[in-house]
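1. Quick one: sequence plus predicted model below, questions after.
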Amino acid sequence: MIKWNNINKLAQNMVAARMTMQVQRHNSSAEMLPQRSDDVSHFKTLAVTTPKPFVFHVELHRPNKLNAINKQMWLEIKDCFERLGTNPDCRAIVISAAGKHFTAGIDLSDMMKLGQELADVEDVARKGVVLDRLIKLYQDSLSALEHCPKPVITAVHQACIGAGVDLITASDIRLCTQDAFFQVKEVDIGMAADVGTLQRLPKAIGSQSLARELCYTGRRFEAAEAEHCGLVSRVFPDKESLLSGALALAENIAGKSPIAVQTTKINMVYSLEHTNQEGLDHIRTINKLHLQSEDFAQAVAAQLTKDEKPVYAKL
């Protein structure tokens with residue numbers, strides 16, 4: 001444990017240096033104007049922009065298909081979040097959707113094509129290999145949100161069905177509009193959800209009973225119930241205020257130390273599947289390095305001196 005008088009001395013030494021560093025970094029941050037990101041501009045089912053410094057907005061963009069998730073979108077989601085996970089200009093991500101609904105879930109026309117492809121394979125074991133590879137691809141696509149070290153905020157309006165629930169439960173923070181509704185629809189099309197809902201929904205809402213009811217029945221539940229059970233943390237009156245709120249939250253997070261925020265996410269995800277002691281051991285191992293970072297010194301200096309908000313280096 002670092003002694004407080006040592007921190008105080010460190011803070012005093014850092015104040016002068018911080019002024020120069022902040023000017024330099026402010027100039028570099030000013031370059032982050034709203035624009036289409038070159039790194040992720042090639043997607044056809046996603047629209048990616050940078051509306052605020054260090055904040056990326058990923059929009060599901062198949063509005064004419066109610067943002068149904070086809071194979072191309074599965075692939076692009078994975079690619080997008082893997083890229084943003086290592087992009088130093090990204091510190092927080094907002095996911096929303098174009099058009100009338102957030103998503104109608106998996107694209108059933110894709111499932112029909114899959115059925116035709118499987119019909120051409122006679123051997124049952126080989127059919128199984130085809131399905132195993134496809135399911136794993138889809139699982140990895142949505143797990144990319146969870147594995148991305150940058151916080152992911154989902155902003156849901158209107159329908160969030162089937163694979164949409166898989167997607168949002170892999171995110172960090174969930175917000176929605178008053179007219180939003182949710183449905184674990186897979187049971188109604190003769191299958192068990194297989195890309196994350198069964199694993200993540202019970203943890204997101206903290207109730208095995210309710211999670212099992214929703215997954216066994218496929219019933220629709222509205223924004224008020226979603227907020228009450230903890231699936232979403234805030235409800236907004238309309239899509240405009242939802243996006244405004246989501247981007248403001250992302251901007252707030254993006255203004256914090258990227259080392260602190262990303263370490264926090266990594267440890268919270270790790271701790272979901274490990275004992276409390278294992279989680280403590282994990283964060284101790286990380287922080288014996290990260291407590292020596294300039295971010296820590298800058299943040300402490302700002303708190304002690306009541307100085308202006310620190311400007312942190314890219315990570």
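-> That came through fine.
2. Please tell me I have it right and G218 contacts V187.
-> Yes: using C-beta atoms under 8 Å, G218 is in contact with V187, at 4.5 Å. From N, CA and C alone the C-beta is placed, and that goes for glycine too.
3. List the contacts of the residue nearest to I168 when sequence neighbours are not counted.
-> Nearest non-adjacent residue to I168, counting by C-beta to C-beta, 6 or more residues apart in numbering: T154, 4.5 Å away. Neighbouring residues of T154 by C-beta atoms under 8 Å, 6 or more residues apart in numbering: 94-96, 167-168, 171, 173-175.
4. Same check on Q262?
-> Residues counted as contacts of Q262 (C-beta under 8 Å, 6+ apart) are 149-150, 315.
5. What ranges does this structure have for its strands?
-> With strands called from DSSP state E, the chain shows them at 46-52, 55-60, 92-97, 152-156, 159-161, 173-177, 181-183, 220-222, 234-236.
6. As TSV, those strands with distance to E278 and mean pLDDT would be great.
-> As requested, the strands of the chain are exported to TSV (distance: least, C-beta to C-beta, whole Å; pLDDT from 0 to 100):
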stretch	distance to E278	mean pLDDT
strand 46-52	35	97
strand 55-60	32	98
strand 92-97	27	98
strand 152-156	24	98
strand 159-161	33	98
strand 173-177	24	98
strand 181-183	32	98
strand 220-222	34	97
strand 234-236	31	98
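7. mind putting those in a markdown table, distance to S257 included?
-> Converted to a markdown table, the strands of the chain look like this (distance: least, C-beta to C-beta, whole Å):
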| stretch | distance to S257 |
| --- | --- |
| strand 46-52 | 17 |
| strand 55-60 | 16 |
| strand 92-97 | 13 |
| strand 152-156 | 18 |
| strand 159-161 | 32 |
| strand 173-177 | 18 |
| strand 181-183 | 34 |
| strand 220-222 | 37 |
| strand 234-236 | 24 |
